[in-house]
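Enquirer: what's the 3D shape of this:
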Amino acid sequence: MNQHIAKQFDAELEAVRARVLQMGGLVEAQIVGAIDALSTGDIEQCNRLIEADHRVNALEIEIDERCSYIIARRQPAAIDLRMILAVIKTITDLERIGDEASKIARMARNLHERDQLKVPSYREIKHVADIAIDMLRQSLDAFARLDVSVPANVVRLDEQVDEEFKSIVRKLITFMMEDPRTISSALELIWIAKAIERIGDHAKNMSEYVVYLVKGKDVRHVSAEQLEREVEQ
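Expert: Sure thing, here's the model as predicted:
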């Protein structure tokens, strides 16, 4: 590959990376907005967030097409190929996070339209959402800087999100048993909490792809301690 083509190739890869980070920013704004709408009851904001999901989907398709073009034209190898594969996997998780954010916005709208946000679990949901958002930010930052020291922390945060989710479900089940009038709204809140838990799962996946990209190691389904040992090697 001559120097001119090599520079072109590097520019194409950098452009793809920039679009992934743009998609990540859009998805993060969706989650923050959805959790905010759950608190404020802003129906218009819920509708805007639901409609905005098509922008995330369009970015996924665009980035996927760019990756296919690079593979066909450049035939990348080694870390360049891993970069393309990591991008394809990352945008799939980002698109699914966008879906979960839209789901939260829809449920927030349902709750407020029926004026049924009577179950006092918003504080817990906001807390677990903040952790999931932090996981997403850390994963995107690790991808931007190719930093393999971050994923182990993201895996630990995912374990925390899982525990927080279980705690919220137990609390809401208790509310439903004590007062059947809360069943409808409590179920909506359980699905919101589940959507947040899934966002955490996708953010964890994204952080693990960074290790694959940099080290060429598949660290899915390993503990935080094992992950730390892998990246040190």
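Enquirer: only C-alpha atoms for contact and neighbour calcs from this point on.
Expert: OK.
Enquirer: Please, which helix or strand holds S68?
Expert: Element membership of S68 [criterion: DSSP states H and E] is helix 43-74.
Enquirer: Checking A195 next. Helix, strand or coil?
Expert: Here A195 is recorded as helix under DSSP: H, G, I helix; E, B strand; the rest coil.
Enquirer: Quick check: it touching R106?
Expert: No. Under the criterion of CA atoms under 8 Å, A195 is not in contact with R106, lying 11.5 Å apart.
Enquirer: What helices and strands are in contact with the helix holding S68?
Expert: Packed against helix 43-74 by the contact rule (3 or more CA pairs under 8 Å, 6 or more residues apart in numbering; DSSP states H and E) you find helix 3-40, helix 78-113.
Enquirer: how about 6 Å then?
Expert: Secondary-structure packing of helix 43-74 (3 or more CA pairs under 6 Å, 6 or more residues apart in numbering; DSSP states H and E): helix 78-113.
Enquirer: next helix or strand past the helix it packs on?
Expert: Downstream of helix 78-113, the next assigned helix or strand under DSSP H and E is helix 122-145.
Enquirer: Give me the buried positions along the next helix or strand after that next one.
Expert: Using DSSP H and E, the next helix or strand after helix 122-145 towards the C-terminus is helix 151-178. When neighbours are counted by 16 or more other CA atoms under 10 Å, the buried residues of helix 151-178 are found to be 151-155, 157-162, 164-165, 168-169, 171-173, 175-176.
Enquirer: returning to what we had before: what's the angle between the helix holding S68 and helix 78-113?
Expert: Per axes from the mean of the first three to the mean of the last three CA atoms, to 10 degrees, the angle that helix 43-74 makes with helix 78-113 is 160 degrees.
Enquirer: can you give me the offset of helix 43-74 from its chain's centre?
Expert: Remark: helix 43-74 is offset 14 Å from the chain centroid, using CA atoms, centre = their mean, to the nearest Å.
Enquirer: now the angle between helix 3-40 and that helix, please.
Expert: 160 degrees.
Enquirer: Flag every buried residue along helix 43-74.
Expert: Neighbour counts over helix 43-74 (16+ other CA under 10 Å) mark 43, 45-47, 49-50, 52-53, 56-57, 59-60, 63-64, 66-67, 70-71 as buried.
Enquirer: ditto for stretch 211-219
Expert: Buried residues in stretch 211-219, counted by 16+ other CA under 10 Å: V211, Y212, L213, V214, K215, V219.
Enquirer: Tell me how far the fifth one lies from V231.
Expert: Read that as K215. 7 Å (CA to CA, to the nearest Å).
Enquirer: what do you get for the second one?
Expert: Taken as CA to CA, the spacing of Y212 relative to V231 amounts to 10 Å.
Enquirer: hang on, the earlier thing: could you redo the buried residues of stretch 211-219 as CSV and give each row pLDDT, distance to R17 and secondary structure?
Expert: Putting those into CSV (pLDDT from 0 to 100; distance: CA to CA, whole Å; DSSP: H, G, I helix; E, B strand; the rest coil) gives the following:
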residue, pLDDT, distance to R17, secondary structure
V211, 95, 16, helix
Y212, 95, 16, helix
L213, 94, 12, helix
V214, 94, 14, helix
K215, 92, 18, helix
V219, 88, 21, coil
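Enquirer: Now distance to R19 too, for the residues you listed, in CSV please.
Expert: As requested, the buried residues of stretch 211-219 are arranged in CSV below (distance: CA to CA, whole Å):
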residue, distance to R19
V211, 20
Y212, 20
L213, 17
V214, 19
K215, 23
V219, 25
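Enquirer: Mind picking the one among those that's closest to E14?
Expert: Comparing the buried residues of stretch 211-219 against E14 with CA to CA places L213 closest, at 14.4 Å.
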